[in-house]
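**Student:** The amino acid sequence is not available; the structure is as follows:
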């Protein structure tokens, strides 16, 4: 029996950490700012576990029955936690954070009750030193198992809703197993069996219908019909379509609309690449959708295009999905294109090649994982990868809505010794959007552009580099790897826009 209870500790610990990770990951998907969300969710959860451990002292009678009921409550509440958070964000966006932390606190309190009760059940069978060492060792092993499985398999393969429900099933299974184990000592075991079976049926039904649950929530969250949705270890990818408008969302944030993406990508690539007609080797960092690559391939003198993308699901999707492949002109299957899966920061540190033109098309710095790609350390790596007469371009958020953030990026690029030419373009889906050209030589706007462009002409390029007073340059600090002030600044500015 001690071994059975220790196995229960392993499962209980695994389930407890799983609910914590699901809540933290889902809140970072929906709200953004992953560091803040993970830190606050984990902090509240650990505090709640402490509250639960303290409350366990008041459980004086029927320890076994109390443990079983707590397991059932954790199984149902934790199992449906991801679905509840999804629905709360969809229909109750105002009090979402309150509901998030309330749910985390309640589940954490229940989880905090579990281990002390198991230890009290074991204290009659093990010496104190063996009791503490074995229970804590098994507890930590359970946490380790889930911490490895969650990013590598659970989140990408099952998604958040199914992952939470899976661990709900495990909690309820422990409750039923404990009921069987102590069947001769339990009072009211028939009622406990009935409660356990009802809870199990409920969570299993939820697991079977998880796709419908998450699909129904996402249908309400996105205005248009969802044609593709997938959770990867890095993000939630959703593609919607209404008539001829196809939209890409990453973690709930709009990344592009087929109605006007040509404006964004023509402005991203052509003012810079057309000014270096000798460019043969091009590097694209980010841009796994292939649209920037599509524009680069308009230049026949380009001999090779290297695309570095962290999430392999992105180029896979935009290379194989018929609708998306048509939009990017099947650019990702072009023989000139080489796709590398990897973190751009680490990849740049290791590679020694020089490129004539570099396109940096990362998401906005909404969290510190992305924010490191906007630091002077990263731009120094870019400068090293640039050929002597080469040029690079960086998408740099909106100089209208995040004006201070935009000029912070400009200042940071200048700090590594590159000459910068900031410019902007109107993209209706996003408003005024900012870019930065950089190189070692003075910039001369191109006299010619490739045929077939829908937005830019040689005459329309020079005005892009003119800024009206409401977007004009502001004093700014350098964004460094050890402070990442840009992430906090960006969050503050966009919160004001949302309000």
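**Tutor:** Ah, there it is. Computed from a predicted structure; not experimentally measured.

**Student:** where along the stretch 51-200 of the chain do the helices fall?
**Tutor:** 63-79, 81-91, 96-122, 128-149, 159-181, 189-208 (DSSP state H, counting those that start in this stretch).

**Student:** wait, the stretch 351-499 of the chain
**Tutor:** Using DSSP H, counting those that start in this stretch, helices in the stretch 351-499 of the chain cover 368-371, 376-385, 403-414, 485-498.

**Student:** now for the ones you listed, which one comes closest to residue 53?
**Tutor:** helix 368-371 (31.5 Å; CB to CB). Any C-beta I mention is one placed from the backbone N, CA and C, and that applies to glycine too.

**Student:** Hmm, residue 101 and residue 40 touching each other?
**Tutor:** Yes - using CB atoms under 8 Å, residue 40 is in contact with residue 101, at 7.5 Å.

**Student:** Any chance of TSV for the helices of the stretch 351-499 of the chain, columns mean neighbour count, mean pLDDT and distance to residue 293?
**Tutor:** Formatted as TSV, the helices of the stretch 351-499 of the chain follow (neighbours: other CB atoms under 10 Å; pLDDT from 0 to 100; distance: least, CB to CB, whole Å):
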stretch	mean neighbour count	mean pLDDT	distance to residue 293
helix 368-371	19	85	20
helix 376-385	19	96	18
helix 403-414	24	97	23
helix 485-498	16	82	26
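
**Student:** Distance to residue 229 for those - can I get that in a markdown table?
**Tutor:** Below are these laid out as a markdown table (distance: least, CB to CB, whole Å):
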| stretch | distance to residue 229 |
| --- | --- |
| helix 368-371 | 22 |
| helix 376-385 | 31 |
| helix 403-414 | 30 |
| helix 485-498 | 24 |
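
**Student:** By mean pLDDT, which helix or strand of this structure comes out lowest?
**Tutor:** Counting by mean pLDDT, DSSP states H and E, the weakest-scoring helix or strand in the chain turns out to be helix 210-221, with a mean of 68.

**Student:** distance between whatever helix or strand comes next after it and the chain's centre?
**Tutor:** Following helix 210-221 in sequence order, the next helix or strand is strand 225-231 (DSSP states H and E). In terms of CA atoms, centre = their mean, to the nearest Å, the centre of strand 225-231 is found 16 Å from the chain centre.

**Student:** what lines up beside strand 225-231 in the sheet?
**Tutor:** strand 236-242 (antiparallel) (DSSP bridges).

**Student:** between the next helix or strand after the partner strand and strand 236-242, how many degrees?
**Tutor:** Using DSSP H and E, the helix or strand that follows strand 236-242 towards the C-terminus is strand 245-250. Strand 245-250 and strand 236-242 are oriented at 170 degrees to each other (axes from the mean of the first three to the mean of the last three CA atoms, to 10 degrees).

**Student:** Counting by contacts, list what strand 245-250 packs against.
**Tutor:** Packing partners of strand 245-250 (3 or more CB pairs under 8 Å, 6 or more residues apart in numbering; DSSP states H and E): strand 236-242, strand 253-257, helix 322-327.

**Student:** which residues touch that strand?
**Tutor:** With contacts defined as CB atoms under 8 Å, 6 or more residues apart in numbering, strand 245-250 is touched by 222, 224, 227, 235-241, 254-259, 289, 323-324, 327, 363.

**Student:** Note down every partner strand of it and its orientation.
**Tutor:** With DSSP bridges as the test, strand 245-250 pairs up with strand 236-242 (antiparallel), strand 253-257 (antiparallel).

**Student:** how about residue 162, what does it touch?
**Tutor:** With CB under 8 Å, 6+ apart, residue 162 has these contacts: 207, 210.

**Student:** quick one: the residue of the chain positioned farthest from its centre from residue 326, how far?
**Tutor:** Centroid-distance maximum for the chain: residue 184 at 48.7 Å, with CA atoms, centre = their mean. Residue 184 sits 67 Å away from residue 326, going by CB to CB, to the nearest Å.

**Student:** Ok, residue 237 next?
**Tutor:** For residue 237, the distance to residue 326 - CB to CB - is 18 Å.

**Student:** who's more crowded, these two?
**Tutor:** residue 237 (20 against 11; other CB atoms under 10 Å).

**Student:** in the sheet, who's paired with that one?
**Tutor:** residue 230, residue 250.

**Student:** is it true that it touches residue 228?
**Tutor:** Yes - contact criterion CB under 8 Å: residue 237 and residue 228 qualify, at 7.1 Å.

**Student:** shared neighbours, these two?
**Tutor:** residue 317.

**Student:** Can you tell me what sits against stretch 456-475?
**Tutor:** Stretch 456-475 is contacted by residues 266-267, 270-271, 399-400, 403-404, 406-407, 410, 421-425, 432, 445-449 when judged by CB under 8 Å, 6+ apart.

**Student:** just the buried members of the residues you listed?
**Tutor:** 266-267, 270-271, 399-400, 403-404, 406-407, 410, 421-425, 432, 445-446, 449 (16 or more other CB atoms under 10 Å).

**Student:** Any figure for the gap between the closest residue to residue 446 other than its chain neighbours and residue 56?
**Tutor:** Nearest non-adjacent residue to residue 446, counting by CB to CB, 6 or more residues apart in numbering: residue 274, 3.6 Å away. The gap separating residue 274 from residue 56 is 69 Å, by CB to CB.

**Student:** Then residue 26?
**Tutor:** Per CB to CB, residue 26 is found 28 Å from residue 56.

**Student:** Would you map out the domains in the protein?
**Tutor:** The chain breaks down by automatic domain parsing into domains covering 2-218, 223-255, 260-498.

**Student:** Return the set of buried residues in the second one.
**Tutor:** Burial within domain 223-255, assessed by neighbour count using 16+ other CB under 10 Å, is assigned to 229, 231-240, 246-252, 255.

**Student:** so how far is it off the chain centroid?
**Tutor:** Per CA atoms, centre = their mean, the centroid offset for domain 223-255 relative to its chain is 13 Å.

**Student:** Give me the distance between the two termini of it.
**Tutor:** Length of domain 223-255, first residue to last, CA to CA, to the nearest Å: 15 Å.

**Student:** For it, give the mean pLDDT please.
**Tutor:** Regarding domain 223-255, the rounded mean pLDDT is 85.

**Student:** all numbers from here: first residue = 3
**Tutor:** New numbering, starting at 3: the last item is domain 225-257.

**Student:** From the centroid of this protein, which residue is nearest?
**Tutor:** Mean-position check on the chain, CA atoms, centre = their mean. Result residue 237 at 3.8 Å.

**Student:** Surely that residue is in contact with residue 253?
**Tutor:** Yes - applying CB under 8 Å, one finds residue 237 in contact with residue 253, separated by 5.2 Å.

**Student:** same for the top helix by length along the chain, what does it pack against?
**Tutor:** The helix that spans the most residues within the chain, counting by DSSP state H, is helix 4-33. Counting contacts by 3+ CB pairs under 8 Å, 6+ apart, helix 4-33 is packed against helix 36-57, helix 65-81, helix 83-93, helix 98-124, helix 130-151, helix 161-183.

**Student:** Throw the ones you listed into TSV and include mean pLDDT, thanks.
**Tutor:** Formatted as TSV, the helices and strands packed on helix 4-33 follow (pLDDT from 0 to 100):
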stretch	mean pLDDT
helix 36-57	87
helix 65-81	92
helix 83-93	81
helix 98-124	87
helix 130-151	78
helix 161-183	90
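
**Student:** May I see those helices organised as a markdown table, with distance to residue 377 added?
**Tutor:** Below are the helices and strands packed on helix 4-33 laid out as a markdown table (distance: least, CB to CB, whole Å):
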| stretch | distance to residue 377 |
| --- | --- |
| helix 36-57 | 15 |
| helix 65-81 | 38 |
| helix 83-93 | 31 |
| helix 98-124 | 29 |
| helix 130-151 | 28 |
| helix 161-183 | 30 |
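
**Student:** No further questions, thank you.
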